[in-house]
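**Q** how would this look folded up:
(chains A, B and C)
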Amino acid sequence: MTDIPLSISDLTVAYHRKPVIWDIAVNIPPGTLVGVVGPNGAGKSTLLKACLDLIPVTSGRVEFFGKAYQEVRHRVAYVPQRESVDWDFPILAIDVVAMGLYRQIGWFLPVRKRHLQTAQAALDRVGIGDLANRQISQLSGGQQQRVFLARALVQQADLYLMDEPFAAVDAATETAIVEILKQMKTDGKTAVVIHHDLQTVRDYFDYVILLNMRVVAAGAVDEVFTNENLQKTYGGRLTLLDQATEAMRRREIKT
Amino acid sequence: MIASNDWLWELDGWIVLAGILCAISASLVGNFLVLRKTSMLGDAISHAVLPGLAAAFLITGSRHSLPMFIGAALVGIFTAAMTQWIRDSGKVDEGASMGVVFTSLFALGLVMIVRAADTVDLDPGCVLYGAIELTPLDTIPVGSLEVPRVIITMGLVTIVNLAFVIAFFKELRLTSFDTFYADTVGFASRRVHYLLMTLVAITAVASFESVGNILVVAMFIVPPAAARLLTDRLSVMILISAVLGTVSAVIGHWSAVALPRLLGYSSTSTAGMIAVISGVVLTLAIAFSPKQGLLPRYVRGLRLELSILRDDVLAFLFRLQERTPQAFASHDHVSASLRANSLLVRFILTRERHRGNLVYGESGYRLSSTGNQSAVNLVRAHRLWEQYLVDQTGMDSNRIHEHAERFEHIANKQIRDDLERETQYPKSDPHGSPIPKESE
Amino acid sequence: MIASVLFDAWLRTLTLQDHNTRVVVIATTLLGFAAGAIGSFTLLRRRALMGDALSHAMLPGIGLAFLVAPALGLQAKSLPVLLGGAVASGLVGTFAILLIRHQTRLKEDAALGIVLSVFFGAGLAILGLVQQTPGGHAAGLESFIYGKTASVTTYDALWIAGTAAATILIVVLFAKELTLLCFDDSYARARGFSVVLLDILLMSSVVMVTVVGLQAVGLILMIALLVTPAAASRFWVNRIIPMLWLSAIIGAVSCLGGSLLSAGVAELPSGATIVLTAAALFFVSLLLGTERGILVRWIHRRSMRLKTDRQHVLRGLYEIVESYRFKNLATDSSRPGQSSKNQVSRSFDGEESAFANHESLVSIVDLFSMRTWSKLRLKRELKRCQADGLIKMQQETVCLTAAGREAANRATREHRLWELYLITHADVAPSRVDHGAERIEHVLEPEMIAELEQLLPASSTRSQVPDCPHSETDSIAGDALPQGLQSRGVR
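**A** Take a look at the predicted model:
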């Protein structure tokens, strides 16, 4: 099963002892573009962060290409939410992109010219090569998002996890990102993308995970992305489950 | 310094009172510093007022209180305003702009003092680390009583702070909680902010020369922080912080006199010890606060674990007797089946037997009739949850057991009834086991 | 006579002829360099005041080391022993801060303040005991609080230099990793860099620099060396590595300048002088910094405001002239058999320019009523326009010149393109468009205009000024995208 890029089983995550996602079990087929869709607070970002060991997991297992994340970091690239960093930071676009190579460069060693060339190529690929030497606060929201995407691209990973890359970006950026996603698919790479816009799910993705605390449905877009499933995903939360969860939090049960 | 080995109320009483007044006045305003996440501003202002003091000395040539207060208050407000201005106009991180402002002002004050050393007797060490121990020496007659000047100053500051907090309680609460909202409903949060800063500066400077800088910085932050851990209500928090400050002052001075003697020294710095004791008080709050404390949290967790284990034991015996009505279960059997700590299981079994939920027979334990009743509801909850999870979330029936296991412990009658309704009154759970009727 | 003696003293100091001065100055300069470099990272990690708390937290360690060392058979006053104590209690302080922040509901600022005051109180209490030990009174431990640059010996200077060099080495070796930590720690963690380890590295570097700095500039002023140069350098550069070195240089210059000044002038305490020098450099940077300085930003804002005013005037004139045209056409178009809409658009298409005739004479009162702006500001801008040859003013009326017409066409076209773009692409309600355009249009760059033109099929010709998409005349064209107004003069 080592060709499965991302395999999640029984994953449960609790924030302050209040479960955010429940018992997630998904296997993502290689070479697909996967959309993760669900209402606010459904735990979409939590799912990605838990996969990447960024937040403690209550129970369950996550495997990348059949191995633990620590062993295959180089094959997995992460595009965090744009709001996650301070865009006032004194750094140029190209330096941010080069961060994707730090792991490869190794400790102590400086960033060399060829690394910057790789970074420049990635910026060209996302269509903002001319902005390489801008300080990042002087970029528009869409351009900042593209910088993050370029940072993931330089890694030459096989699996890309993206946290809302389409949030509040201009049309040109959206088109650019979609082009990159299509290119990834042609190259046999896999992308898991958290997505908000239900209108475009069918156009952008071929596999979809409907998430609302638990996996409501997961599978090929044609089969799974149905009105009935969407109703289940967005049609409110399970009140009793919520009550129980809340009671559990109050009594500090370790879930 | 106290030369005598004995505790003299005429001396130590005044010192403790000075400490208490400092603690109360500082923690009154300190609560709002802590809630506004600007605790460090107390530290910054109390360092930054140095040039204000120095200027007052240089201009008036004396150590009168009034000019000093005015100088300090002006510089205090200046510090707060400057910090905000640099943060906003220079887009500098708040902490950094505070750091730049207060270190510059402090340095300026030092230079002024050293330059003026010929004309005025002013030692930076004395200004910053003013000796609370000297309190009883400088007195003013009030009626027939010789009252130390420090007590009068600090008493006045305490009254002013108290009046401020009482008069502006509503505004302070609102602006500390939500600045933007306060502005939109017409409370000038900026004005309240600067008023607060003025009082911080005045409190700092009053304490400065009398009890020392470090003490006031500690009293601004530590008692309110400890109070924050003990309550969720602002008025109660202010009250508790004042009490904790008082306690620190009393114990602090006592330990400054008494503790060093155990090590063969004579007494040490009272201000330092009061700060240390307030730290000890805070540590106790962190450890033992009923809601937030580490230990109560641990104990609650443990008790919860025990009550869960008890539920598990009862439910286990119920299922056992469901299959074989006459069965008894030995201690080993129970702990092995539940995969639980053997000692804990023994504790539960013994306790439940004493409570009459279990009977002990030839080869082990079984449920008594009362035990049976509580076990029925547990098993009922468990099976209803399983049914609910399968119905509503479409979970695989092989995996639901674990979740139901967690939920069964918190299903009261209300939830059980809701569950039954939402799962349309099932007879059996997804595994085919019967769902028992609610027992009284 | 006296002057020449003083001058000689100055010269001796400045040329570092005095051995002790030379040692002290070189050591503090190195210290400033190291503190400036590591300080940029703490600033960017938003931990600027951590140094403050840590330096206070070191005092009890110094006192305890002094008390305990003789019992262990060590020389109480030896610098390594005291520094060892300082580092140990600094680390305990760090641990306490982390504990408070993670295990309680108290926030970072409270944690810093608590550790600072409680540890410092403990330090004072211990110093109270130290003073009672034989030789304790002269131990000079107070110099840790205020700093006594002059008392730095060659031996101390070696320690300072060594620590500074080690810190600079850490900065050079880990520049890349520390940058990542400060910029995006969750990404760093996802990529497998240990954030905890890097934080410890950063904080222990701060502890090291602070410990040796305590002696030179004192506890309270040490924080200035960590914060001020870093904050100052941010005004000049936009890139972390240059910022780092600039901050180091500012730190070094402050120390050099400050200690020279204090060595040359009597009764100027060195620590305070160093800090004041750094503060002066900070304020110069705050005002004049080329990247974020107040002056630069003010000039930028002013030129932006002028540009905005200019465009408002030009567009106002254009729109008034345009409205005159509509009125005339509307009165002419009562001929039977044709709807007025079609006729309006057709008539416009046939025109050469909206400014063809006498109607382009506009009264200032009309222009003033176009929008809410102050009369003074409008008058000033009109004068500037006249000076630039864009308009001619006669008493209370304004008339665009040929160059003015071209400029007005361009400004209006850009504005409307942008509005159209917002409507067609960003789902912005048309009623809100104008406001957005007011602000964003003025920052449009030529490439963006070209892009907009490509996005908007109806305005494929560069010379067109599309109709205002939300005016009452929006029914002119009947189609989704309005027909343009032809105008000459624009390329």
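
**Q** So what's the residue count around the nearest residue to C:Leu202 once chain neighbours are set aside?
**A** By the measure of C-beta to C-beta, 6 or more residues apart in numbering or on different chains, the closest residue to C:Leu202 outside its immediate chain neighbours is C:Phe41, 5.7 Å from it. C-beta here means a position set from N, CA and C on the backbone, and glycine is covered the same way. Using other C-beta atoms under 10 Å in any protein chain shown, C:Phe41 has 27 other residues around it.

**Q** wait, what's in contact with C:Phe41?
**A** With contacts taken as C-beta atoms under 8 Å, 6 or more residues apart in numbering or on different chains, C:Phe41 has the following neighbours: C:Val171, C:Leu178, C:Leu181, C:Cys182, C:Leu202, C:Leu244.

**Q** Go through those residues and name the one nearest C:Ala164.
**A** C:Val171 (10.6 Å; C-beta to C-beta).

**Q** Got phi/psi on that closest one?
**A** Per-residue torsions, C:Val171: phi -60, psi -40 (degrees, to the nearest 10).

**Q** So it sits against C:Ala37, correct?
**A** Yes. Under the criterion of C-beta atoms under 8 Å, C:Val171 is in contact with C:Ala37, at a separation of 4.7 Å.

**Q** between those two, who's got more neighbours?
**A** Between C:Val171 and C:Ala37, counting by other C-beta under 10 Å, C:Ala37 is the more crowded of the two (29 against 22).

**Q** taking the mean pLDDT, what do you get for the helix or strand where the more buried one lies?
**A** Assignment of secondary structure by DSSP states H and E places C:Ala37 within helix C:19-44. Model confidence over helix C:19-44, given as mean pLDDT, is 89.

**Q** So what pairs up with the spatially most central residue of chain A in the strands?
**A** Using C-alpha atoms, centre = their mean, the residue of chain A that lies closest to the mean C-alpha position is A:Met162, 2.5 Å off. In this entry, A:Met162 is beta-bridged to A:Val79, A:Val193, by DSSP bridges.

**Q** Contact partners for it?
**A** If a contact means C-beta under 8 Å, 6+ apart, then A:Met162 has A:Tyr78, A:Val79, A:Leu149, A:Ala152, A:Ala191, A:Val192, A:Val193, A:Ile194 as its contacts.

**Q** so the third one touches A:Ile180, yeah?
**A** What that stands for is A:Leu149. Yes. With contacts counted by C-beta under 8 Å, A:Leu149 reaches A:Ile180, the gap being 6.5 Å.

**Q** Now do the shared contacts for the two.
**A** A:Val126.

**Q** And these two? Which one has more around it.
**A** With neighbours defined as other C-beta under 10 Å, A:Leu149 and A:Ile180 compare such that A:Leu149 has more, 25 against 21.

**Q** coming back round to it: turn the contacts of C:Phe41 into TSV, including pLDDT, distance to C:Leu361 and secondary structure.
**A** Below are the contacts of C:Phe41 laid out as TSV (pLDDT from 0 to 100; distance: C-beta to C-beta, whole Å; DSSP: H, G, I helix; E, B strand; the rest coil):
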residue	pLDDT	distance to C:Leu361	secondary structure
C:Val171	94	68	helix
C:Leu178	94	66	helix
C:Leu181	93	65	helix
C:Cys182	93	61	helix
C:Leu202	92	69	helix
C:Leu244	94	61	helix
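
**Q** with these in mind, which one is nearest to C:Glu419?
**A** Checking the contacts of C:Phe41 against C:Glu419 by C-beta to C-beta gives C:Cys182 as the nearest, at 40.6 Å.

**Q** Give me the nearest residue to the closest one, chain neighbours excluded.
**A** If you skip the residues right next to it in sequence, C:Cys182 has C:Leu44 as its closest partner in space, 4.0 Å away by C-beta to C-beta, 6+ apart.

**Q** Now do the contacts for A:Val216.
**A** Contact criterion C-beta under 8 Å, 6+ apart gives A:Gly38, A:Leu210, A:Asn229, A:Lys232, A:Thr233, B:Gly394 as the residues in contact with A:Val216.

**Q** mind checking how far the closest residue to the fourth one other than its chain neighbours is from chain C?
**A** So the one you mean is A:Lys232. Across the structure, with C-beta to C-beta, 6+ apart as the measure, the residue nearest A:Lys232 apart from its sequence neighbours is A:Val216 (5.0 Å). The gap separating A:Val216 from chain C is 27 Å, by C-beta to the nearest C-beta, to the nearest Å.

**Q** in its sheet, what does the helix or strand containing A:Val216 sit against?
**A** A:Val216 is part of strand A:214-220, with elements assigned from DSSP H and E. When sheet partners are counted by DSSP bridges, strand A:214-220 sits next to strand A:207-212 (antiparallel).

**Q** Which positions within the partner strand qualify as buried?
**A** Using 16 or more other C-beta atoms under 10 Å in any protein chain shown as the burial criterion, the residues of strand A:207-212 that qualify are A:Tyr207, A:Val208, A:Ile209, A:Leu210, A:Leu211, A:Asn212.

**Q** where does chain C dip in pLDDT?
**A** Judged against pLDDT under 70, the low-scoring parts of chain C cover residues C:1-18, C:76-77, C:135-151, C:326-360, C:420-449, C:451-491.

**Q** what residues does stretch A:96-103 touch?
**A** For stretch A:96-103, using C-beta under 8 Å, 6+ apart, the contacting residues are A:73-74, A:77, A:111, A:115-116, A:118-119, A:122-123, A:136, A:147-148, A:150-155, C:176-177, C:179-180, C:183-184, C:187, C:191-193.

**Q** switch the cut-off to 6 Å
**A** The list of residues contacting stretch A:96-103 from outside it, by C-beta atoms under 6 Å, 6 or more residues apart in numbering or on different chains, reads A:111, A:115, A:119, A:122-123, A:147, A:150-151, A:154-155, C:176, C:180, C:191.

**Q** Next, work out how far apart the spatially most central residue of chain C and chain B are.
**A** Closest residue to the average C-alpha location of chain C: C:Arg292 at 4.6 Å, with C-alpha atoms, centre = their mean. Here the distance between C:Arg292 and chain B works out to 6 Å (C-beta to the nearest C-beta).

**Q** and C:Leu288, what does it touch?
**A** Contacts for C:Leu288 were tallied using C-beta under 6 Å, 6+ apart; they are C:Leu295.

**Q** C:Val130: neighbour count?
**A** Every residue meeting other C-beta under 10 Å relative to C:Val130 is counted, giving 21.

**Q** Surely it and C:Ala65 touch.
**A** No. If you go by C-beta atoms under 6 Å, C:Val130 and C:Ala65 don't touch, sitting 10.0 Å apart.

**Q** In space, what's closest to the residue of the stretch 151-300 of chain B found nearest chain C - neighbours in sequence excluded?
**A** Among the residues of the stretch 151-300 of chain B, B:Ala275 lies closest to chain C, at 2.4 Å counting by C-beta to the nearest C-beta. Spatial nearest neighbour of B:Ala275, excluding adjacent residues (C-beta to C-beta, 6+ apart): C:Gly121 at 2.4 Å.
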